[in-house]
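Asker: Below: sequence and its predicted model.
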Amino acid sequence: MLLSQAVEHEELLIDSVNTDYRHKRHLENLSILSGETITCLYNRSGDVVVKVKDGRIAINREFARLIEVTSLNPQYYTESVKNGIVKRKLTKAAKEMFKEEDKKYRQEEKMRKKELKRKGEKR
């Protein structure tokens, strides 16, 4: 599967990067290399935004088509073929799970901001 076909929240393992030497080195400097685990954060009409280690990187759709990946959690996604085009979607159970994770994350962020504000007022 190509990176351009990934779905939001999908954890992926990079199989290969099929580009010229110069671009391959640039992607390696960004930690996008074979064997690396990444997470697709957004994949809409423009760039593909992935999480690599602790950072976020926006990858041009052309480059995303050159990066071959394997899904680490294929049970969360369904595939359907329509007019020769493969569409991948989250299952309902996975949507609910990710929605709960996002809710927890937002609450944690809110608590962190309150804590930072409190520490700033003490000074």
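Answerer: Thanks, I have it.

Asker: any idea how far residue 120 lies from residue 113?
Answerer: Counting by Cβ to Cβ, to the nearest Å, the gap from residue 120 to residue 113 is 11 Å. C-beta here means a position set from N, CA and C on the backbone, and glycine is covered the same way.

Asker: Where does residue 49 sit, in terms of helix or strand?
Answerer: According to DSSP states H and E, residue 49 maps onto strand 48-52.

Asker: Span of stretch 56-70 from start to end?
Answerer: One end of stretch 56-70 to the other measures 19 Å (Cα to Cα, to the nearest Å).

Asker: Show me what counts as buried in that stretch.
Answerer: 57, 59, 63, 64, 65, 66, 67, 68, 69 (16 or more other Cβ atoms under 10 Å).

Asker: Show me what that stretch is in contact with.
Answerer: Contacts of stretch 56-70 with the rest of the structure, by Cβ atoms under 8 Å, 6 or more residues apart in numbering, involve 1-4, 6, 12-19, 23, 27, 30, 32, 38, 41, 46-51.

Asker: can you map out the helices along this protein?
Answerer: Along the chain, counting by DSSP state H, helices occupy 21-29, 61-64, 92-122.

Asker: Tell me which of those sits most buried.
Answerer: Counting by mean count of other Cβ atoms under 10 Å, helix 61-64 has the highest mean neighbour count of those, with a mean of 16.

Asker: and that one, how far out from the chain's middle?
Answerer: Centre-to-centre, helix 61-64 and its host chain are 14 Å apart (Cα atoms, centre = their mean, to the nearest Å).

Asker: can you list the domains in the protein?
Answerer: 3-76, 92-123 (automatic domain parsing).
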